[in-house]
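Chemist: Give me a 3D structure for the following:
(one chain, ligands or ions: 1)
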Amino acid sequence: MCGIVGYNGKNKAIDILLSGLSKLEYRGYDSAGVAVVDNEIDVIKSKGKIINLKEKIKDLDLFGTTGIGHTRWATHGEPSENNAHPHISNDGTVTLVHNGIIENYQELTEKLKKHGYTFYSQTDTEVLANIIDYYYKKYKMGPIDAINRTMVRVRGSYACAVIFKDYPDEIWVARKDSPLIIGTSKDGTYLASDVPAILEYTKNVYYIDNLEAACLKKDKVIFYDLNGDVIEKELKTIEWDISSSEKEGYEHFMIKEIHEQPDVIKKTINNYVSNNIIDFAKTNLTEDILKDIDQIYIVACGSAYHVGVCEQYIIEDLTRVPVRLDVASEFRYKHPILSKNELVIIVSQSGETADSLAALREAKELGAKTLAVVNVVGSSIAREADYVLYTLAGPEIAVATTKAFSTQLIVLYLFAIELAKTKGTIDDKKYKELITEMECIPDKVQSILDNEINNIQKISSEFASAKDAFYIGRGLDYAISLEGSLKLKEISYIHSEAYAAGELKHGTISLIEDNTLVVGVVTQEDIYEKTISNLVEVKSRGGYIITVSSDNIPIDKVSNYKITIPETNKYFYPSLTVIPLQLLGYYIAVSRGLDVDKPRNLAKSVTVE
Ligand code: F6R
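Modeler: Predicted coordinates for the structure are as follows:
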């Protein structure tokens, strides 16, 4: 989705803007632009990648120290230079970049046309520049008044950065339901939709809330509420390391992030476990709260939803508390039936996914308790949920999630174990046993990375031209098959489906023909024989079988190709089986010569419905 960045300080703005925009590329975009204040406000935009924008800029003298920039992911209007941001009000009084969607833009456009405004783009954003201009001139009460009147008038979501021609030394920002952080350092003030854009310059940030505005001066930031009153904000420190948003010698962020998994899994466990005891105290998720939970709903999108599929099996089996599950885009509109003692768990890496955020609000509205499992500190979902369990994955840049997924699994294993202890469904011995085994996961993940990569690379090059793939398994193996299948299709563009192994012969098996790629995940001791029977059925119809399993499962006969993982407790297999599946998706996409980190049509953080 769109990204925004801004700088106001002592240094040349254009360098900081371009570096920030490059760091936001991973979010997905199809045009880019900047505005820099020199004697006038220079606006430069281009269609396509940032390299095109750089090409246009390279011969220009842009010495200004105040500027804003944008990467646009087209929603209203095609990707084009004309529709790219920044947008300018009719006479150039207001220059603006915007993330989000203005839902009532057509109505506002009609209103402004009656007042003589002309529109030159197909975007919803142009109306924002003109309506600010309209209020600015009508009431003549300065930027904050015009911005606040606009916030009251527009519907939808926005994080916007505005430069007024009359105030060339200031950048104004406003926010509702779209991510925005504001940074500060001795060299100036910064704004960005996402931490990596400014991490090189500062780790000191302010989080701006919904319906608040701010003025970024060169040496300070002033915050305002909707009444125009000045408000105080606390300066926070970002814990993320700058190196985590660099490739550090890896060919892609995705493979770097796959390799980071042992480390971030360990960090996430250590954040909540000491001396073999889980401690959620700092999250206020106390024993009293857990005791009262008699139903759970897990709601998320995409891979985060697959975490929910895994955890549904685990939580129900360990705690006997019923768990329902839904994708957020369905949950938010289905009028869910929630009980007073229901806990709704929202899983989200970014903490900004529009449907997940809406689902959280719906759950709160209906009186349920809400728990967020989130990676980005200070994100909207983290701020609005009753309780937060953070994953410590660090910044995830590749569009296809890997390390965030793995840490989400960990956090919810911990939750399941703690809930089981509170409910008395496991004894102390089992509790300690599970934690001890969990602590071995990082080393086991590392051993898969050390031992299986060459094999997976080989098989990936053989299957680079596959047209279809099927991933099958039962129970937790089915849950992880969903994720493996998504990993393959989203970056390699190979059609792929995941099936509960027993379901295949109710229709889909008719698609199996000679050399159809079938990945069987087979780890669960109580049901592996049944999955093997399903694999035999597939093999006898010509399927080429890759299996992922541990040595204790007698799988050799059915496998055309076997990927071996270490043994672990039955609940923790998803943390191990997902690793070869991520690698398979990655190396097949690489063999096809694709842009693995930025797959077509996808955005890292889906902030629109
Ligand atoms: C797939 C992927 C997506 C996200 C989904 C939710 O690799 O990354 O399916 O899992 O868009 O995003 P978050 O977790 O940010 O809410």
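Chemist: in this structure, what residue is nearest the ligand?
Modeler: G302 (1.9 Å; C-beta to the nearest ligand atom). Backbone N, C-alpha and C define where each C-beta goes, glycine included.
Chemist: tell me the secondary structure for H70?
Modeler: Three-state call for H70 (DSSP: H, G, I helix; E, B strand; the rest coil): strand.
Chemist: Tell me what it is bridged to.
Modeler: Judged by DSSP bridges, the bridge partners of H70 are I4, G33.
Chemist: Spit out the contact partners of it.
Modeler: Neighbouring residues of H70 by C-beta atoms under 8 Å, 6 or more residues apart in numbering: 2-5, 21, 32-34, 84-86, 97-99.
Chemist: Would you agree L389 is in contact with I381?
Modeler: No. At 11.7 Å, L389 and I381 do not qualify as touching, with contact defined as C-beta atoms under 8 Å.
Chemist: any common contacting residues for the two?
Modeler: Common contact partners of L389 and I381 (C-beta under 8 Å, 6+ apart): A372, V374.
Chemist: now for the strand or helix carrying E257, which elements pack on it?
Modeler: Taking DSSP states H and E as the criterion, E257 maps to helix 253-259. Secondary-structure packing of helix 253-259 (3 or more C-beta pairs under 8 Å, 6 or more residues apart in numbering; DSSP states H and E): helix 573-591.
Chemist: now the helix it packs on, how far from the centre of its chain.
Modeler: Relative to the chain's own centre, helix 573-591 is displaced by 19 Å; criterion: C-alpha atoms, centre = their mean, to the nearest Å.
Chemist: Tell me the spacing between I258 and Y224.
Modeler: Distance, I258 to Y224, using C-beta to C-beta, to the nearest Å: 44 Å.
Chemist: need the residues of this protein near the ligand, please.
Modeler: Residues of the chain lying close to the ligand (C-beta under 6 Å from any ligand atom) are 301-304, 348-350, 353, 356, 400-401, 486, 490, 605-606.
Chemist: if we take those, which one ends up nearest to E232?
Modeler: Nearest to E232 among these is S350, at 27.2 Å by C-beta to C-beta.
Chemist: which residues are in contact with whichever strand or helix holds E330?
Modeler: Under the criterion of DSSP H and E, E330 resides in helix 328-331. Residues from elsewhere that reach helix 328-331 (C-beta under 8 Å, 6+ apart): 297, 299-301, 305, 346, 353, 355-356, 358-359, 362, 609.
Chemist: These, buried ones only, as a ChimeraX selection?
Modeler: Buried members of the contacts of helix 328-331 can be picked out in ChimeraX with the line below, counting by 16 or more other C-beta atoms under 10 Å:
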select :297,299,300,301,305,346,353,355,356,358,359,362
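Chemist: give me the beta-bridge partners of A159?
Modeler: N99, R175.
Chemist: since we're on it, how many residues are nearby?
Modeler: Counted with other C-beta atoms under 10 Å, the neighbours of A159 add up to 26.
Chemist: That one against R175, yeah?
Modeler: Yes. Contact criterion C-beta under 8 Å: A159 and R175 qualify, at 4.8 Å.
Chemist: hmm, back to that, which residues are contacting the helix holding E257?
Modeler: Residues outside helix 253-259 that contact it (C-beta under 8 Å, 6+ apart): 26, 247-248, 250, 396-398, 400, 402-403, 449, 491, 579, 582-583, 586, 596-597.
Chemist: about what we covered before: in strands, which of the residues of the chain next to the ligand fall?
Modeler: S348 (DSSP state E).
Chemist: Which of the residues of the chain next to the ligand has the largest number of neighbours?
Modeler: Going by other C-beta under 10 Å, S348 tops those with 33 neighbours.
Chemist: I258 and Y224: which is more packed in?
Modeler: The neighbour comparison of I258 against Y224 (other C-beta under 10 Å) goes to I258, with 24 against 21.
Chemist: Doesn't L53 belong to a strand?
Modeler: No. Applying three-state DSSP, one finds L53 to be helix, outside a strand.
Chemist: Can you list the low-confidence ranges for the stretch 301-450 of the chain?
Modeler: Residue ranges of the stretch 301-450 of the chain with pLDDT under 70: none are present.
Chemist: now the strands: where do they sit in it?
Modeler: Applying DSSP state E, counting those that start in this stretch to the stretch 301-450 of the chain gives strands spanning 323-327, 342-348, 369-374, 387-390.
Chemist: so which of the ones you listed is the most packed in?
Modeler: Scoring those by mean neighbour count under mean count of other C-beta atoms under 10 Å gives strand 342-348 as the most buried, with a mean of 29.
Chemist: mind checking how far the helix holding E330 is from the chain centre?
Modeler: Distance, centroid of helix 328-331 to centroid of chain: 16 Å (C-alpha atoms, centre = their mean).
Chemist: re earlier: the strands of the stretch 301-450 of the chain into JSON lines, with extra columns for distance to I163?
Modeler: Shown next, in JSON lines, are the strands of the stretch 301-450 of the chain (distance: least, C-beta to C-beta, whole Å):
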{"stretch": "strand 323-327", "distance to I163": "39"}
{"stretch": "strand 342-348", "distance to I163": "32"}
{"stretch": "strand 369-374", "distance to I163": "32"}
{"stretch": "strand 387-390", "distance to I163": "35"}
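Chemist: Next, the contact list for the residue lying closest to S575 once chain neighbours are set aside, please.
Modeler: Distances taken as C-beta to C-beta, 6 or more residues apart in numbering put I441 closest to S575, at 5.0 Å, once the chain neighbours are dropped. The contact partners of I441, by C-beta under 8 Å, 6+ apart, come to I265, I269, I410, T568, F572, S575, L576.
Chemist: Do you know the pLDDT at the fifth one?
Modeler: So the one you mean is F572. Confidence at F572, expressed as pLDDT, is 98.
Chemist: That one: what's it in contact with?
Modeler: Contacts for F572 (C-beta under 8 Å, 6+ apart) come out as Y413, E437, M438, I441.
Chemist: Could you work out the most separated pair of the residues you listed?
Modeler: Once C-beta to C-beta is applied, these give Y413 and E437 as the farthest pair, at 9.9 Å.
Chemist: More neighbours: which of the two?
Modeler: More crowded of Y413 and E437, by other C-beta under 10 Å: Y413, with 27 against 16.
Chemist: how close does the more buried one sit to Y573?
Modeler: Distance from Y413 to Y573, by C-beta to C-beta: 11 Å.
Chemist: Hmm, P566 is touching S447, no?
Modeler: Yes. Contact status for P566 versus S447: in contact at 5.9 Å, counting by C-beta under 8 Å.
Chemist: Helix, strand, or coil at Y190?
Modeler: strand.
Chemist: I misspoke; the intended subject was S481.
Modeler: helix.
Chemist: what about it, how many residues close to it?
Modeler: 30.
Chemist: show me where the stretch 51-200 of the chain has helices.
Modeler: Here the stretch 51-200 of the chain has its helices, by DSSP state H, counting those that start in this stretch, at 105-114, 125-139, 142-153.
Chemist: Thanks a lot, catch you later.
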